[in-house]
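> how would this look folded up:
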Amino acid sequence: MLVVLRLKDKQNPDKVWDTHNNFIAGTQDATTLSDYTTKFNAKSDDGNYTVAGFRARWYLTDNKKQAINIYIGSKELWEFDWTNYWQPHIDKNLLEIEKLVEAEVFIPVNANGTFDWEGLPLSPAGIEMKKLVDVQTDELDWDSMIVEWAKVQPLA
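This next block holds a predicted model:
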């Protein structure tokens, strides 16, 4: 899955944020995050629910009033995240979320079955993702982002 979200703070829509981390901290609901983490950890025996199975990146828009979140990973984990993290923030009137891209995209895998993050940028999937993102938004530089992203090692 490739998902690109544009997020707007419903409580302070004109606030200019210093960094994407400030945006996250300023708009994230602690109860929702705690509930999400509990549910995620309860699924830790399921290989679909590991931090090694997805990548998510955050950026501020050019005007620094909104954030962009990019998710690449399994469809199952994306649906879990949407239901247990994003939708509760919408329901609590904290975030306005626009799905710029939501596409099922094949992600290359290594021989051991893990996603091939290093090979992703130049793979057919990486090229397809770039096209999908470029068509929908000019608010991020896909080429720079994906090269940087491939270097990130999973936490688990």
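
> show me what contacts Asp14?
Lys65 (Cβ atoms under 8 Å, 6 or more residues apart in numbering). No exception for glycine: its C-beta is placed from N, CA and C like everyone else's.

> Can you check my assumption that it lies in a strand?
No: applying DSSP: H, G, I helix; E, B strand; the rest coil, one finds Asp14 to be coil, outside a strand.

> Which residue ranges of this structure form strands?
2-9, 54-60, 66-73, 95-103 (DSSP state E).

> among the ones you listed, where is the model least confident on average?
With a mean of 82, strand 54-60 has the lowest mean pLDDT of the strands of the chain.

> from the middle of its chain, how far away would that strand be?
5 Å (Cα atoms, centre = their mean, to the nearest Å).

> who does it pair up with?
strand 66-73 (antiparallel) (DSSP bridges).

> List the contacts of the strand it pairs with.
Strand 66-73 has contacts (Cβ under 8 Å, 6+ apart) with 1-9, 17, 20, 23-24, 53-61, 78, 81, 100, 105, 107, 115, 120, 129, 133, 137, 139-140, 145.

> Make CSV out of the strands of the chain and add distance to His89 and mean neighbour count.
Shown next, in CSV, are the strands of the chain (distance: least, Cβ to Cβ, whole Å; neighbours: other Cβ atoms under 10 Å):
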stretch, distance to His89, mean neighbour count
strand 2-9, 9, 20
strand 54-60, 14, 17
strand 66-73, 11, 22
strand 95-103, 4, 16
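
> what about those strands, which gets the closest to Ser34?
Nearest of those to Ser34, taken as Cβ to Cβ: strand 95-103 at 17.1 Å.

> got the residue ranges for the helices in this structure?
In the chain, the helices defined using DSSP state H lie at 20-27, 30-42, 75-81, 87-91, 124-136, 142-151.

> rank the ones you listed by pLDDT, which is bottom?
Least confidently modelled of the helices of the chain is helix 142-151, at a mean of 62 by mean pLDDT.
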